[in-house]
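Q: When you get a sec, could you give me coordinates for this:
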Amino acid sequence: MPTGLAQRAPSNASAAATNTPRPCPGCGSAVFHLHVCFSGHPDEDFLRCHDCDLIRRRATPDAVTLSAAYQDEYYAPDTAARFLGPAEWLARLFRRWRVRQVRPWLPLPPARILDVGCGRGVFLASLQARGYNVAGTQLSQTAAASIRHHFGFEVFVGDLPDVPWPAGSFDVITVWHVLEHMPDPARALRDMARLLKPDGVLIVEVPNAGGWSVRLFGRHWLHWDAPHHLVHFSRPVLERLLVQHGFTPLAWQTTSWEYGPSGILLSLLNLLPGPPNLLFDALRSGSHRPKPDVRLAIHVLAALFLLPVACLLFAVTVSCGRGDVLRAVCRLRAPQPGSKHAQYPSSSPRA
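A: Just a heads-up that it's a prediction; the model follows:
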């Protein structure tokens, strides 16, 4: 992986500047190495912590900028869709499929489940239909309004530290490809531990910065996704953070049909001439889609030929446990004596 000379983050208030790296959000270290360099966009470079190996973006946007990034240009104003036509249908299908993936680890209905960064609400709506009591958080007013209109469950708009629910409100918290969007993942995990009931379950999935695709594609890896992704994790880094904040990992998974083949295909296309993530951006809703041109046509045609290659690479990476995602199922440690909580399996998922 690309690395550079060690640098030291400033310890004074100037570290808050958008183009100045802050101390590590995982361990507080001020020493880091250049990990991935994007030519011409130094603010979007990724740095690796010298002490804990957490990877974070060089520049950290302020709260106002972060919130603005998830408004109307992220979700379509009327439908809260993120993609066009068949791509959006497929994305929603995968969200429903998530229920089947995690259902063995869920307590029985009507357990209370929180989805942090709940997207269009499709995953929670599927759980609600099965009798669960659900709630979500969102930064997007557009998406939250669509969820309330179509599904009717509770959605809080804002940051995790500001949620209205008291400590111990939830039996399960899910975090699907959201932790990498948070400037302070350690703080987020503390908040989740506070919101969980004793012995509650946390299910978190993030891009796998320790996977083989990262080594193969380098800075062309789709899931760097600057400027939206602020931090990245390998399994040892994520496991260390989880344990430090009171969680015991029970199971790990690196296979994702939702992100694996498509992520590899789009990373392959990033090797071609043209702006990064060209086809991905063309499939998104919103006014910032690239206009059709020769380069986009080349990427579309290349995608048809490269899809079998992407599927083969996906099969190889997941068979070796080095796929493009990390999913951890965890339990909050040290339940309080005599506490009342939902019925969970003792050490293995339900059949």
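
Q: What is the neighbour count of residue 239?
A: 17 (other CB atoms under 10 Å). All C-beta atoms are positioned from the backbone trio N, CA, C, and that covers glycine.

Q: just checking, next helix/strand downstream of the helix or strand that contains it?
A: Following DSSP states H and E, the helix or strand that holds residue 239 is helix 235-244. Next along the chain after helix 235-244, taking DSSP H and E as the criterion, comes strand 247-253.

Q: Give the pairing partners of that next one; include direction for each.
A: Strand 247-253 has the following sheet partners, assigned by DSSP bridges: strand 325-332 (antiparallel).

Q: Helix 235-244 and the partner strand, what's the angle between them?
A: Our comparison of strand 325-332 with helix 235-244, counting by axes from the mean of the first three to the mean of the last three CA atoms, to 10 degrees, yields an angle of 20 degrees.

Q: Can you give me the buried ones in strand 325-332?
A: Residues 325, 326, 327, 328, 329, 330, 331, 332 are the ones in strand 325-332 that count as buried (16 or more other CB atoms under 10 Å).

Q: Can you add pLDDT and give these back as TSV?
A: Output for the buried residues of strand 325-332, formatted as TSV (pLDDT from 0 to 100):
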residue	pLDDT
325	96
326	96
327	97
328	97
329	98
330	97
331	97
332	96
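
Q: Just the C-alphas of the helix holding residue 239, formatted as CSV.
A: What follows is helix 235-244 as a C-alpha-only set of coordinates in CSV (Å, rounded to 0.1, in the frame of the first residue of the first chain):
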residue,chain,number,x,y,z
ARG,A,235,-10.3,-6.1,10.9
PRO,A,236,-7.7,-5.7,13.6
VAL,A,237,-8.4,-2.0,13.8
LEU,A,238,-12.2,-2.4,14.0
GLU,A,239,-11.9,-5.3,16.4
ARG,A,240,-9.7,-3.2,18.7
LEU,A,241,-12.2,-0.3,18.7
LEU,A,242,-15.1,-2.6,19.4
VAL,A,243,-13.4,-4.3,22.3
GLN,A,244,-12.3,-1.0,23.8
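
Q: Tell me which other helices or strands that helix touches.
A: The contact analysis (3 or more CB pairs under 8 Å, 6 or more residues apart in numbering; DSSP states H and E) places helix 235-244 against helix 185-195, strand 196-207, strand 247-253, strand 325-332.
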